[in-house]
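J.: the sequence and its predicted three-dimensional model are supplied below.
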Amino acid sequence: MVGQFSRWFACVCFIVMCNMHIAQADDGIILNFKNADISAFIEFVAGFSGKNFLVDNRVKGKITVVSPTSMDKHEAYDVFLSVLEMNGYAAVRAGSIIKIVPRAESKQRALPVRSGIAGSNDAMVTQVIRLRYANGQQLVALIRPLISPNSHLVAYPRGNMLLLTDTASNVRRIQKILDLIDRKDAVGVQMFTLKHASADKLAITLGRLYQAGVAAGPPGMPGGGGAVKVMAHQPGNILVVVAAPQILNEISNLIDKLDIAPKSDSGRLQVRYLKNATAVDVAKVITELVGGQGAAATAPGKAPVSALFSGAIKVVAEPATNALLITGAHSDITALNRIIDKLDVRRRQVLVEALIVEVSANSGEQFGIEWRGTGDFTKPGTTILGGTTFNSGTNINAVAANPFAPGNGLVVGLVRGTVTFGGTQFLNIGALARAMQSKADTNVLSTPNLLTLDNEEAEIVVGQNVPFITGQSSTAGGVTNPFQTIQRKDIGLTLRVKPQITDGDTVRLQIYQEMSSIAVNAGVQGADLITNKRSIKTVVLANNGQIIVLGGLMRDDNTTSVQRVPCIGSIPILSEPFKFTDNTHRKTNLMVFLRPHIIKSSDQIDRLTNEKYSNIKELYEKPITGGSIIFPETVRKLPPYIRSTHVAKDKTKTKPATVTP
């Protein structure tokens, strides 16, 4: 008691200092506040009401209350709530504690939820108001100006209810207003004269929308609040609607949206010009899509599939103008145009640079001694002859006819006059030593470049079309009739590639590369020409600008041939005049490299074109050595119109690297 009295006494002293007068009679409380601090007022209310308050730090200000008559504790607490409401604060109960917070935040707190008649004080509450006839969504715009900006109002269409957070006194006032508005009025009749839509078709559409089953549904839904009757009147294209007033407003808005003039291209036929894709290919894809839809929807023994289009659609390609002729309903054409927009996109290009290097080296060494002994064939009597001859291509007999023929190498021999044999005169060579070393190198370098669209196959062929004999005949039925059948084949370089750009600028390449040539002086004999063929067929993945190796061939052949006279040709040192040695070395290296470039813009293709043009221009206009005063050397110039128009801009940009040997 002593402590409680001390608190009361301190409070009274504080109120006196603030020019506040309080009188507590036996039958109630008399409050007089003049420019008092709101914190002291809250503390005073906590004292006589016995409630626990938790005050937000933002609750500040001065208040003034004039109350000449006495009131009980409940009335005094209602005055306290009104004071908080006027100063922008609210009291929110949270268990045994009442929180004093700014009013704007009170609607997010755990306020009491009520569905009956609201109270008359200024406590913040959340009220659920159920409507019987009126449309809740339409009443939101009517009620919102009657509530404070910090309050909350929303409509729940499914149950035709309003959710309102405000003071209990204001909620009660709004409930009285709604009681006057939410009543069952007489059924209204309205006629609509349609300008564009058909009254017969629109009557069927509205009848399905506001059918009897829906009319019995909750108020506020289509048809809610009473049955709806829609009739078409012809002639005149007039629509007659019988419904409740709130439903008539909804139907009127719906008719305004449906009764519109069709667009110029919204008929049954539309012409669509494509910018990037090919009309024939797009028409084929869409025809398969529409045909597959019908087959799937009508397949026996299968569950029905939802149709992509509401009616029949036909698409015809017109190649001359690269256009599509589409027939169908307007809604189907609109849906189909969205599909065509995704197909009619600009495809990227791929430049494939290839490097084919073939190096061949052939070397040979020949050394041998041949001899023969003979007498003079012109003398009478028996003449003895003998000697060695090896199958070395050029033996002693051939040299005897022409010692300095091409290909004989170094020839050293012993000659003693001439000899006539078989009516032919030869040098009488007693001994012959021959040595020859040969070396032949061949370098073949090919750098084919191929530019093509994404997912399109391209091919480049550089070579000759060579005829091959496939059959021949000289006689037919005893009659001489010579003829030959010939088949022509491409001999040279062939590169066939089909790129496909995947995610992350990775290129999938289907590649076929072939190098063929006609064999010269082939060791293997055939009925006709012999061709060399090297081909690669593969599928690889490469990043943009990455050099990869497709394949290669490395061949190294060593051949040693020794011809000797039996027995004596095996004796060391003494065997050298009786043998012939032939060493042959053939080495071939073939490697194929490839690099793809993804072309994403016109500037990039301009840079590549300028680079290739500069390379060929430098090679073409290279000065030619030679010439004379009478016939001076000619100066060659490439035509300048092939060069790109973006040369000046490309000079400041970095050129992409090219494949170099």
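T.: That came in fine, so what should we check first?
J.: what segments of the stretch 251-400 of the chain are helices?
T.: With DSSP state H, counting those that start in this stretch, the ranges of helices along the stretch 251-400 of the chain come out as 279-298, 330-343, 396-401.
J.: can you flag the weakest of the ones you listed by average pLDDT?
T.: Mean pLDDT is lowest for helix 396-401 among the helices of the stretch 251-400 of the chain, at a mean of 66.
J.: quick one: the strands in the stretch 201-350 of the chain?
T.: Here the stretch 201-350 of the chain has its strands, by DSSP state E, counting those that start in this stretch, at 229-233, 238-243, 269-273, 314-318, 323-327, 349-373.
J.: distance to residue 93 for those - can I get that in TSV?
T.: For glycine as for every other residue, the C-beta is placed from the backbone atoms N, C-alpha and C. TSV is the format used below for the strands of the stretch 201-350 of the chain (distance: least, C-beta to C-beta, whole Å):
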stretch	distance to residue 93
strand 229-233	51
strand 238-243	45
strand 269-273	66
strand 314-318	68
strand 323-327	66
strand 349-373	72
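J.: residues near the closest residue to residue 45 other than its chain neighbours, how many?
T.: Excluding its sequence neighbours, the residue lying closest to residue 45 (C-beta to C-beta, 6 or more residues apart in numbering) is residue 80, at 4.7 Å. Residue 80: 24 surrounding residues under other C-beta atoms under 10 Å.
J.: next, residue 80: secondary structure please.
T.: Judged by DSSP: H, G, I helix; E, B strand; the rest coil, the three-state class of residue 80 is helix.
J.: so what's it up against?
T.: Applying C-beta atoms under 8 Å, 6 or more residues apart in numbering to residue 80 gives the contacts 41-42, 45, 49, 91.
J.: which of those residues fall in helices?
T.: 41-42, 45, 49 (DSSP state H).
J.: correct me if wrong: residue 60 contacts residue 42.
T.: No. In this structure, residue 60 is not within contact of residue 42 by C-beta atoms under 8 Å, at 11.2 Å.
J.: which parts of the stretch 401-550 of the chain are helices?
T.: Using DSSP H, counting those that start in this stretch, helices in the stretch 401-550 of the chain do not occur.
J.: right, I mislabeled it, should have said the stretch 551-661 of the chain
T.: 602-620, 647-650.
J.: follow-up on the earlier one: okay, the residue nearest to residue 45 and residue 166: tell me how far apart.
T.: 18 Å (C-beta to C-beta, to the nearest Å).
J.: likewise residue 349?
T.: Taking C-beta to C-beta, one finds residue 349 at 66 Å from residue 166.
J.: likewise for residue 65?
T.: Relative to residue 166, and taking C-beta to C-beta, residue 65 is found at 23 Å.
J.: which one of these two is surrounded by more residues?
T.: Neighbours were counted for residue 65 and for residue 166 using other C-beta under 10 Å; residue 166 has more, 25 against 16.
J.: which residues touch the residue lying closest to that one once chain neighbours are set aside?
T.: Leaving aside its chain neighbours, residue 166 sits nearest to residue 151 (4.1 Å; criterion: C-beta to C-beta, 6+ apart). By C-beta under 8 Å, 6+ apart, the residues touching residue 151 are 107, 164-166, 170.
J.: neighbour-wise, which of residue 60 and residue 42 wins?
T.: In this view residue 60 and residue 42 are compared by other C-beta under 10 Å, and residue 42 has more residues nearby, 22 against 12.
J.: residue 174 belongs to a helix, doesn't it?
T.: Yes. Counting by three-state DSSP, one finds residue 174 located in a helix.
J.: list the beta-bridge partners for residue 515.
T.: residue 493, residue 534 (DSSP bridges).
J.: ok, it - how many residues close by?
T.: Neighbours around residue 515, by other C-beta under 10 Å: 21.
J.: quick one, grab the pLDDT at it.
T.: Reading off the model, residue 515 has pLDDT 83.
J.: from memory it sits against residue 357, does it?
T.: No. With contact defined as C-beta under 8 Å, residue 515 does not reach residue 357; the gap is 10.9 Å.
J.: need the residues touching each of the two.
T.: residue 590.
J.: count the neighbours of residue 228 for me.
T.: Neighbour tally, residue 228, other C-beta under 10 Å: 25.
J.: dump the strands of the stretch 201-350 of the chain to a markdown table, plus mean pLDDT.
T.: Output for these, formatted as a markdown table (pLDDT from 0 to 100):
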| stretch | mean pLDDT |
| --- | --- |
| strand 229-233 | 86 |
| strand 238-243 | 85 |
| strand 269-273 | 89 |
| strand 314-318 | 92 |
| strand 323-327 | 91 |
| strand 349-373 | 79 |
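J.: quick one, which of the ones you listed is nearest to residue 620?
T.: Residue 620 lies closest, by C-beta to C-beta, to one member of the strands of the stretch 201-350 of the chain: strand 349-373, at 20.2 Å.
J.: direction included, what does the closest one pair up with?
T.: strand 386-387 (antiparallel), strand 424-446 (antiparallel), strand 449-453 (antiparallel), strand 579-599 (antiparallel).
J.: so it versus helix 602-620, what angle?
T.: 30 degrees (axes from the mean of the first three to the mean of the last three C-alpha atoms, to 10 degrees).
J.: next, the contact list for residue 113, please.
T.: Contacts of residue 113 by C-beta under 8 Å, 6+ apart are 125-128.
J.: likewise for residue 564?
T.: 570, 575, 578-580.
J.: from the residues you listed, list the buried ones, please.
T.: 578-580 (16 or more other C-beta atoms under 10 Å).
J.: out of these, which is nearest to residue 146?
T.: Using C-beta to C-beta, the buried ones among the contacts of residue 564 come closest to residue 146 at residue 580, 125.3 Å.
J.: how close does residue 325 get to residue 446?
T.: 47 Å.
J.: burial measure for residue 457, as a count.
T.: Neighbours of residue 457 (other C-beta under 10 Å): 12.
J.: check contacts around it.
T.: Contacts of residue 457 (C-beta under 8 Å, 6+ apart): 496-498, 510.
J.: of those residues, grab the buried ones for PyMOL.
T.: Buried residues within those, by 16+ other C-beta under 10 Å, are selected in PyMOL with:
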select buried, resi 496+497+498
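J.: closest one of the contacts of residue 457 to residue 329?
T.: Using C-beta to C-beta, the contacts of residue 457 come closest to residue 329 at residue 498, 39.1 Å.
J.: what's the closest one in contact with, if anything?
T.: 452, 455-458, 509-510.
J.: cool, residue 470 as well?
T.: 485-487.
J.: that one and residue 488, how far apart?
T.: Residue 470 is 10 Å from residue 488, by C-beta to C-beta.
J.: and for residue 359?
T.: Counting by C-beta to C-beta, the gap from residue 359 to residue 488 is 30 Å.
J.: between these two, who's got more neighbours?
T.: residue 359 (15 against 10).
J.: the more buried one contacts residue 588, doesn't it?
T.: Yes. Using C-beta under 8 Å, residue 359 is in contact with residue 588, at 7.4 Å.
J.: pull the number of nearby residues for the residue lying closest to residue 42 once chain neighbours are set aside.
T.: Once flanking residues are discounted, residue 42 sits nearest to residue 53: 5.6 Å by C-beta to C-beta, 6+ apart. Residues near residue 53, counting by other C-beta under 10 Å, number 16.
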